[in-house]
Structure formats: C-alpha cells, structure tokens
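Novice: Here is a sequence with its predicted model. Questions after.
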Amino acid sequence: MIRPENKNIAITVGMLLFSFIICFLNFKTSPLYLINEWCDPNIYFSIGKGMFNGKVVYKDLFDHKGPLIFIIYGIGYLISNTSFTGVYLIQSLFLFTSLLFAYKLSKLYLNDIQSFIITLIYTCLFFSKTGTGGSADEFMLPFFTVSFYYFILYFKKENNLKQATVNKIMLIQGLTFGAVFFIKFSAAIFWIPILAAIYYTLFASKKYKEALSAILYTTLGFSILAAPLLLYFLINSAFGDFVFAYFKFNAIYANTGFTINTLKTIAGRFIGVGREFYIAWALTLGGLAVILFSNRFVQKKVYKAAILISFIITYLPIANSRFHHLYAYIVLYVLAIIALIYLFQLINSYIKSPVKIKPAILYITVPVITIVSITHYHTVLYNNKDCLSFSYCRDKCWMLQKDFAEVIKTRENPTLLDLGLDRGIFTTSGVVPTFKYFFHPLISDEDFPEILEYQTELVKNKEPMFIVTTDKNFPYLMENYDIAAIDTFHYLGNDLHTYLFERKE
C-alpha cells in the first residue's frame with residue numbers, strides 16, 4: 001500500500017511535469033515556437049532586459065504595467081537572452097503553483113482523486129481565455145489562487161487556528177496582495193474588502209491583540225515586496241516617474257468616463273463573456289452563488305458580503321475598460337473551484353457506490369486527455385488562417401522578427417526604435433532598448449502627445465540606427481532613412497507592409 005506522504009509527493013511531481021508539458025505545447029513562450037509575436041510579452045521582455053542592463057524602468061524605459069512583471073521577464077532574459085525560454089520556465093512554475101493550491105483547496109473538502117480532477121478542470125478553464133501566453137494576468141493567477149486557498153482555510157477553521165497560523169496566513173495575504181499590486185494595481189483591490197472584513201470581525205469580537213497582529217503581518221508581507229522596489233526608485237531618482245507611469249498614465253490610458261451608456265456596456269460585456277465562455281463563466285458565477293447562499297464554505301455574512309464586493313470591484317474595471325481584454329477575467333476563476341467542489345459534493349451525496357477505477361489509471365489518463373484537449377483547442381486557434389501565427393515554426397519559416405533581426409545583427413552596436421507596438425524585433429535581435437519611448441503604447445496622440453513628439457525628434461535627429469514602422473510617411477523618415485527590409489502580410493485580401501529602415505550615412 002502506498003503511504004500517504006509518498007502519494008502526495010507523486011501527485012505534486014505529476015502536476016509539476018503536467019505544467020511544463022501543457023505550457024510547452026500551448027504557450028508561444030516555449031521553445032517549441034520560434035517567437036511569441038504578441039506585443040505585450042515583447043514589451044515586458046524588452047524592459048526587463050533593459051533593467052538588467054542598467055536602464056531604470058519608467059525613467060529610461062517607459063510602459064504602464066507594474067515593475068514586478070518586468071522583473072519576472074528580466075529573470076527570464078537572464079536565462080535566455082534572445083528567446084522566451086526563460087519566461088516559459090517561470091510561467092510553468094507559476095502554473096504549477098496555481099494547480100497545487102487549487103488541489104489543496106479542493107482537498108479541504110474532497111478526496112485525492114476528485115481534487116486532482118478539479119485541478120485539471122481548473123487548467124482547462126485557465127486555457128480557455130489564454131492566447132499566445134505571457135500576459136500579466138496569467139502571472140497574477142497563482143497569487144490569486146494561493147490567497148483564495150488561505151482565505152477559505154481561515155474561514156473554515158477560524159475558531160481553531162493558532163495565532164502563529166493566523167500570522168502566517170496574514171503574511172501570505174500581504175505578499176500575494178503586494179505581488180498583484182506591483183503587476184496590475186487595479187486587480188489588487190480584490191484583497192481589500194476581504195481583509196477589512198477579517199479585521200472588522202476581530203475588532204468586533206474584542207480580539208484587539210489578534211486584530212493588530214493580523215494587520216501587522218499583512219503589512220509586513222506587503223512591505224517585503226514594496227520596500228526594495230520603492231528603494232530602487234528612490235536610489236535611481238525615479239519615484240516620480242514610477243508614480244506618473246503607473247498611476248497617472250494608467251488613469252489616462254484606461255479612462256472610459258462614466259456616461260449613461262456605461263451600465264449598458266458593462267451589462268453587454270457580462271452577457272458576452274457568458275456566451276463566449278459559458279462553462280468557465282457559469283462556474284465562476286456558480287462559485288460566487290454557492291459562497292453567498294450556502295454555508296458549506298463561508299458561514300459569516302460579513303465574509304460573504306466581502307467576497308461579493310471583492311468580485312464586483314474586481315470585475316467592473318475589467319468590464320468597463322477601454323480595451324476589453326477577455327484574458328483579464330482569469331483572475332476571477334478561483335471562484336470556479338468552489339463551484340466544482342460543490343458539484344462533486346452533490347455527486348457524492350447521490351452516488352453511494354461509485355464505479356471502482358484504479359487510481360493509477362485516473363492519474364495517467366485524465367492528464368493525458370486534458371493535455372490533448374487543450375492542445376487541440378490551441379492548435380486550431382493558432383492555425384486560424386486570419387491569425388498572424390507561426391506555430392511549430394522553425395528554421396524554414398520566414399517572418400519579420402527573424403528577417404529584420406538578421407539585418408540588424410550585421411551592424412555593430414545597433415540602436416532600434418519601433419514607431420508602433422513592440423513587434424518582437426528587440427527580442428529576436430538581442431538589442432537592448434536605448435530610448436525611453438522605444439515603442440508607442442496603445443494610446444492616442446490626442447490623449448498623450450508626448451510620445452509622438454519624442455519619437456518625431458528622434459527621427460529628425462537620426463538618432464536610432466534602425467526604425468520599424470508600418471507608416472513610411474512618418475515625419476523626417478524618408479529623408480533620413482533608407483528601407484532595409486520589407487515584410488508583407490496578406491490579411492483579408494489586403495497587403496499589410498511593415499518596414500525596417502536604416503539610417504542614411
């Protein structure tokens with residue numbers, strides 16, 4: 001008979017291996033793919049690379065995401081300088097963490113096999129909204145999953161927990177809150193109502209010492225991340241740049257205003273997400289409903305109300321954002337775990353004598369079926385004839401990132417400017433960004449004209465050696481630069497051209 005501790009080790013190792021395989025097949029950050037052509041991972045990688053080559057984020061290199069995502073990608077750069085292999089390794093570990101704590105959460109209520117199956121279903125829900133991989137939201141998911149596990153553990157055993165355990169939980173909550181805050185601060189609002197409810201309950205019960213201890217350990221957890229980051233900005237005289245880029249610029253970037261149509265937009269997107277991802281969204285809402293209307297997981301009304309408020313205030317910025325990204329909803333999928341646990345509990349109550357299947361068969365066949373199913377879905381997605389995609393593309397492939405990089409690498413100490421979004425040429429060529437606005441974020445020149453003015457001045461003064469653009473009529477471009485390479489992409493009957501310009505001597 002297998003000992004429980006050996007069984008747990010085997011399940012953990014199996015989930016780790018599963019995470020690396022599923023990410024290898026389905027994320028274009030993996031070595032299986034030539035390049036992840038999506039702009040977001042390339043922007044993060046370029047800035048992370050710059051940080052580890054002496055550049056100061058926000059001050060020397062501009063973007064509006066939180067500093068932690070650039071550090072994660074910077075570590076990936078240290079592992080692999082001109083590919084996303086390092087990022088793939090990190091993302092596989094992050095996915096493993098999410099799966100491990102989804103399993104641990106399920107284990108609070110169900111047996112090993114059922115918890116394992118829920119973990120694999122959770123993986124399917126996760127991949128239902130991911131595309132090429134590498135989004136900031138994907139890197140936030142493990143922090144949500146870890147935090148949610150410890151919240152449910154606290155609610156389940158609140159009256160039987162030792163103070164040391166409560167302190168540990170609050171420390172972890174501070175760490176996970178801090179991690180999300182420094183990736184995308186708008187998502188970190190999820191923690192505030194739930195933590196406030198816990199503090200309120202402790203104070204209302206006149207457990208003043210415990211309440212203060214909980215606040216102290218949460219603050220300590222947050223400070224472990226915040227202190228070195230803030231020190232980094234202060235030492236580099238970039239605190240003002242950080243505040244502007246991360247808070248003020250994001251307010252300009254994301255602002256949609258509140259009009260009479262705002263509620264219609266939110267309601268329409270709520271219905272739209274439900275139609276497109278009806279299983280994942282139904283389970284997410286179902287998990288919320290179970291928490292609110294059942295006492296199986298959360299008993300106190302104040303905690304139920306807090307979770308509802310957390311869901312609403314996390315959901316609203318996503319649904320009302322100017323650029324409505326569907327992958328941003330994945331952080332709310334932790335609620336789906338509750339729905340899945342509840343469904344298995346119902347099955348257990350109705351099926352008294354389940355079919356006997358050897359556990360070893362389930363532990364092997366179910367992950368294989370999950371891998372094949374998800375990979376088929378993503379292969380179909382990547383091979384869509386209307387998508388810019390080069391899945392399973394190796395040496396025989398021709399694409400602008402590879403072709404342009406070959407030209408750039410022939411020059412000594414090249415500098416590069418992309419007049420649009422970062423298309424991945426910094427990544428494939430290995431060029432470290434030199435200019436603050438080395439690409440143009442997705443914001444209109446009317447809302448923020450400084451970027452266009454900055455880039456126009458660079459082109460006028462012939463500062464970049466190479467320029468990538470789809471607009472060859474950009475001011476001063478044709479008179480100061482020659483076309484070094486052209487990429488033509490056929491899309492819906494039209495030819496779309498991307499140019500690589502080289503500075504005239």
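Specialist: Nice, thanks for sending it over. Owing to the predicted nature of the structure, the values given are computational and were not obtained by experimental measurement. Numbering: from 1, shown residues only.

Novice: could you list every residue that touches Ile224?
Specialist: Contacts for Ile224 (Cβ atoms under 8 Å, 6 or more residues apart in numbering) come out as 174-175, 178. No exception for glycine: its C-beta is placed from N, CA and C like everyone else's.

Novice: Tell me how far it lies from His497.
Specialist: 49 Å (Cβ to Cβ, to the nearest Å).

Novice: Check Met465 too.
Specialist: When distance is defined by Cβ to Cβ, Met465 is 21 Å away from His497.

Novice: Who has more neighbours out of these two?
Specialist: A direct count of neighbours by other Cβ atoms under 10 Å for Met465 and His497 places Met465 higher, at 19 against 13.

Novice: quick one on the thing from earlier: top of the contacts of Ile224 by neighbour count?
Specialist: Per-residue neighbour counts (other Cβ under 10 Å) across the contacts of Ile224 peak at Gly174, which has 26 neighbours.

Novice: Secondary structure element for the nearest residue to that one once chain neighbours are set aside, which one?
Specialist: Counting by Cβ to Cβ, 6 or more residues apart in numbering, Gly221 is the residue found nearest to Gly174 once chain neighbours are left out, at 2.2 Å. Assigned by DSSP states H and E, Gly221 belongs to helix 208-235.

Novice: ok so Gly37 is a helix residue?
Specialist: You called it Gly, but residue 37 is Glu. No. In this structure, Glu37 is coil, not part of a helix, as judged by DSSP: H, G, I helix; E, B strand; the rest coil.

Novice: Okay, now the unreliable bits of the chain?
Specialist: For the chain, the stretches with pLDDT under 70 are 1-6, 254-260, 352-363, 366, 376-398, 490-493.

Novice: can you give me the strands in it?
Specialist: Here the chain has its strands, by DSSP state E, at 416-418, 466-469, 481-491, 494-503.

Novice: got a markdown table for these, with distance to Phe45 too?
Specialist: Shown next, in a markdown table, are the strands of the chain (distance: least, Cβ to Cβ, whole Å):
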| stretch | distance to Phe45 |
| --- | --- |
| strand 416-418 | 13 |
| strand 466-469 | 16 |
| strand 481-491 | 20 |
| strand 494-503 | 19 |
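
Novice: Quick one: closest of the ones you listed to Tyr350.
Specialist: strand 481-491 (52.1 Å; Cβ to Cβ).

Novice: helices and strands around that closest one, which ones?
Specialist: Contacts defined by 3 or more Cβ pairs under 8 Å, 6 or more residues apart in numbering; DSSP states H and E place strand 481-491 against helix 400-408, strand 494-503.

Novice: just those: most buried one?
Specialist: Of all these, helix 400-408 has the most neighbours on average by mean count of other Cβ atoms under 10 Å, namely a mean of 20.

Novice: Report all helices and strands that that helix contacts.
Specialist: Going by 3+ Cβ pairs under 8 Å, 6+ apart, helix 400-408 lies up against helix 425-429, strand 466-469, strand 481-491, strand 494-503.

Novice: how about 7 Å then?
Specialist: Judged by 3 or more Cβ pairs under 7 Å, 6 or more residues apart in numbering; DSSP states H and E, the packing partners of helix 400-408 are helix 425-429, strand 481-491, strand 494-503.

Novice: now that helix, how far from the chain's geometric center?
Specialist: On the basis of Cα atoms, centre = their mean, to the nearest Å, helix 400-408 sits 28 Å off its chain's mean C-alpha point.

Novice: Kindly calculate the angle that it makes with strand 481-491.
Specialist: Put simply, helix 400-408 runs at 160 degrees to strand 481-491, going by axes from the mean of the first three to the mean of the last three Cα atoms, to 10 degrees.

Novice: List the buried residues for stretch 412-427?
Specialist: Within stretch 412-427, the residues that qualify as buried by neighbour count (16 or more other Cβ atoms under 10 Å) are 414-419, 422-427.

Novice: now swap in stretch 443-458 and tell me
Specialist: Neighbour-count burial for stretch 443-458 flags 443, 451-452, 455, 458 (criterion: 16+ other Cβ under 10 Å).

Novice: One more: stretch 305-320?
Specialist: 306-307, 309-311, 314-315, 318-320.

Novice: got the contact list for the most centrally placed residue in the chain?
Specialist: Note on the chain: the residue nearest the mean C-alpha position is Asp137, at 2.2 Å, using Cα atoms, centre = their mean. When the contact criterion is Cβ atoms under 7 Å, 6 or more residues apart in numbering, the partners of Asp137 are 327-328, 330-331.

Novice: Excluding its own residues, what touches stretch 338-348? List them.
Specialist: With Cβ under 7 Å, 6+ apart as the criterion, stretch 338-348 contacts 106, 109-110, 114, 118, 121, 283, 286-287, 290-291, 296-297.

Novice: Now find how far off-centre it is within its chain.
Specialist: For stretch 338-348, the distance to the chain centre is 28 Å (Cα atoms, centre = their mean).

Novice: next one: stretch 414-429
Specialist: 22 Å.

Novice: again, but for stretch 496-505
Specialist: With Cα atoms, centre = their mean, you get 33 Å for stretch 496-505.

Novice: cool, and stretch 410-423?
Specialist: For stretch 410-423 - counting by Cα atoms, centre = their mean - the centre lies 26 Å from the chain centre.

Novice: contact partners of it?
Specialist: For stretch 410-423, the external contacting residues (Cβ under 7 Å, 6+ apart) are 37, 39, 42-43, 46, 400-401, 408, 425-426, 431, 434-435, 438-440, 442, 455, 458, 464-471, 474.
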